[in-house]
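> can't give you the sequence, but here's the structure:
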Ligand SMILES: Nc1ncnc2c1ncn2[C@@H]1O[C@H](COP(=O)(O)OP(=O)(O)OP(=O)(O)O)[C@@H](O)[C@H]1O
């Protein structure tokens with residue numbers, strides 16, 4: 001049996017507001033398997049980002065477990081958790097989060113230098129990734145001198161510099177126009193075909209249809225949708241829309 005890369009066991013997350021517990025994730029059980037492309041959807045405020053942060057070890061559950069391989073994240077100390085995030089998880093955000101005074105190349109390298117790898121090897125890998133994501137000519141520009149789509153490509157290269165087991169992306173096309181958005185989704189398809197495991201949070205149907213399976217957060221839990229085999233992108237949108245509508249999306 002294939003071992004899941006990420007597993008949640010009875011995962012709960014509440015936020016405290018005015019001395020009251022507000023539950024967001026409630027007893028959620030899920031797995032992310034090697035090589036899969038999982039999409040997380042849900043209405044606004046349903047807990048998509050919260051779940052992604054828990055999966056990536058960037059936040060701590062109120063109770064329950066997130067297992068990365070066989071290691072429970074909540075059992076790790078701060079240093080071990082930082083190492084786990086650095087070595088195993090890549091994160092892409094809606095707002096790119098690049099460092100403005102560094103060049104595109106330097107933004108990618110910074111994440112790579114955190115690992116104890118030879119510098120030469122990190123620089124080679126950064127150039128390979130810039131070529132993969134199509135920004136090799138922009139290496140010496142600062143983020144402000146590039147478009148939103150190019151900045152997101154840089155952020156994707158940065159997230160891949162340590163060859164993470166899983167790439168987690170939180171609304172990565174949310175700040176982009178339609179053309180840039182669709183080219184980023186094509187880039188995700190390419191990365192996925194090359195074997196990268198992906199978890200994408202999105203509220204866009206067209207983006208969700210690129211995945212293999214959709215998890216819809218409903219009342220703090222995850223309901224799963226599997227696309228019927230051999231359906232066109234257009235038909236995938238129709239069946240997913242119909243399934244989501246039944247759940248009040
Ligand atoms: N640090 C926090 N403290 C208190 N409440 C929070 C905190 N972070 C998130 N929340 C609340 O938890 C709920 C889920 O937030 P989350 O950002 O995970 O939802 P989301 O599905 O990603 O939303 P959106 O699609 O609007 O980005 C929301 O009601 C939000 O206001």
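Done, it's in. Fair warning: this is a prediction, and the values are worked out from it, not measured in the lab.

> and the most centrally placed residue in the chain, which of the three is it?
The central residue of the chain, meaning the one whose C-alpha is nearest the mean C-alpha position (CA atoms, centre = their mean), is residue 168 at 1.6 Å. On the three-state scheme (DSSP: H, G, I helix; E, B strand; the rest coil), residue 168 is labelled strand.

> ok, it to residue 156 distance?
To residue 156, residue 168 is 12 Å away according to CB to CB, to the nearest Å. Placement of C-beta: from N, CA and C, glycine included.

> Need the residues touching each of those two.
With contacts defined as CB atoms under 8 Å, 6 or more residues apart in numbering, the residues shared by residue 168 and residue 156 are residue 92.

> what residues does the protein put near the ligand?
Listed as neighbours of the ligand in the chain under the rule CB under 6 Å from any ligand atom: 15, 17, 24, 42, 44-50, 203.

> between those residues, which is nearest residue 231?
Compare each of these with residue 231 using CB to CB and the shortest gap goes to residue 203, at 21.2 Å.

> what about the strands in the protein?
Along the chain, the segments classed as strands by DSSP state E run 6-17, 20-32, 37-42, 63-68, 71-72, 89-92, 166-170, 197-201, 213-218, 221-226.

> Quickly run through the sheet partners of the last one, with directions.
This points to strand 221-226. Strand 221-226 has these partner strands in its sheet, going by DSSP bridges: strand 213-218 (antiparallel).

> hmm, back to that, output the strands of the chain in a markdown table, with distance to residue 149 and mean pLDDT appended to each entry.
Listed next are the strands of the chain as a markdown table, based on distance: least, CB to CB, whole Å; pLDDT from 0 to 100:
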| stretch | distance to residue 149 | mean pLDDT |
| --- | --- | --- |
| strand 6-17 | 28 | 95 |
| strand 20-32 | 27 | 96 |
| strand 37-42 | 20 | 97 |
| strand 63-68 | 31 | 95 |
| strand 71-72 | 36 | 88 |
| strand 89-92 | 13 | 95 |
| strand 166-170 | 14 | 97 |
| strand 197-201 | 17 | 97 |
| strand 213-218 | 25 | 96 |
| strand 221-226 | 28 | 95 |
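
> ok, back up a step: now list the buried members of the residues of the chain next to the ligand.
In the residues of the chain next to the ligand, burial by neighbour count holds for 24, 42, 46-50, counting by 16 or more other CB atoms under 10 Å.

> Please narrow those residues to those residing in helices.
Judged by DSSP state H, those include 48-50 as members of helices.

> nearest to residue 101, of the residues you listed?
residue 49 (27.2 Å).

> For the closest residue in space to that closest one that isn't next to it in sequence, which residues are in contact?
Nearest-residue entry for residue 49: residue 170, 5.6 Å, with adjacent residues in sequence omitted and distances by CB to CB, 6 or more residues apart in numbering. Contacts for residue 170 (CB under 8 Å, 6+ apart) come out as 48-49, 52, 91-94, 201.

> looking at it, residue 38 is touching residue 213, isn't it?
Yes - the pair formed by residue 38 and residue 213 meets the contact definition of CB atoms under 8 Å, at 5.5 Å.

> More neighbours: which of these two?
Neighbour count, other CB atoms under 10 Å: between residue 38 and residue 213, residue 38 has more, with 24 against 14.
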